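Peer 1: okay, here's the prediction I keep looking at, along with the sequence it came from:
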Amino acid sequence: MSDDNSQNLLYFEAASMRTLYDTMETWQQEKQKRLLSLNVHRDGDLYCCIALTNPTEVVIVDRAGSDSAGLYQGKLVVWNLGPR
């Protein structure tokens, strides 16, 4: 999966809930990504999970590519850098 987050749908399956959990935890540790949501169901003899990864960070820039936003006192601030 690329870091551009254009595909954020994942599928996991295992013979037990414990194995499913271990598989998903290993995936998270290896990829260093969070899961936004997940849904676990039985499919025959397997436990299956469809999950969505968290969106990647968004960087707000002006047309020239300069930073035009940031955090100030824990809040997102967007600077008006003048007419375009």
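Peer 2: Yep, that arrived. Residues are numbered from 1 along each chain as shown.

Peer 1: assign residue 12 to helix, strand or coil.
Peer 2: Three-state call for residue 12 (DSSP: H, G, I helix; E, B strand; the rest coil): strand.

Peer 1: that one pairs with what?
Peer 2: Each beta-bridge partner of residue 12 is listed here, defined by DSSP bridges: residue 49.

Peer 1: which residues does it contact?
Peer 2: Residue 12 is in contact with 20, 23, 24, 27, 48, 49, 51, counting by C-beta atoms under 8 Å, 6 or more residues apart in numbering. Yep, even glycine has a C-beta here, placed from its N, CA and C like the rest.

Peer 1: excluding chain neighbours, what is closest to residue 38?
Peer 2: Excluding the flanking residues, the one nearest residue 38 by C-beta to C-beta, 6 or more residues apart in numbering is residue 51, at 3.9 Å.

Peer 1: ok, back up a step: and the contacts of residue 12 as CSV, adding secondary structure, distance to residue 39 and pLDDT?
Peer 2: Listed next are the contacts of residue 12 as CSV, based on DSSP: H, G, I helix; E, B strand; the rest coil; distance: C-beta to C-beta, whole Å; pLDDT from 0 to 100:
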residue, secondary structure, distance to residue 39, pLDDT
20, helix, 12, 98
23, helix, 15, 97
24, helix, 12, 96
27, helix, 16, 95
48, strand, 9, 98
49, strand, 7, 97
51, strand, 8, 95
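
Peer 1: ok, of the residues you listed, which come out buried?
Peer 2: Judged by neighbour count, with 16 or more other C-beta atoms under 10 Å as the criterion, the buried members of the contacts of residue 12 are 20, 24, 49, 51.

Peer 1: ok, the last one to residue 12 distance?
Peer 2: I take that to be residue 51. Computed as C-beta to C-beta, to the nearest Å, the residue 51 to residue 12 distance reads 7 Å.

Peer 1: can you list residues touching both of these two?
Peer 2: Counting by C-beta under 8 Å, 6+ apart, the residues touching both residue 51 and residue 12 are residue 24.
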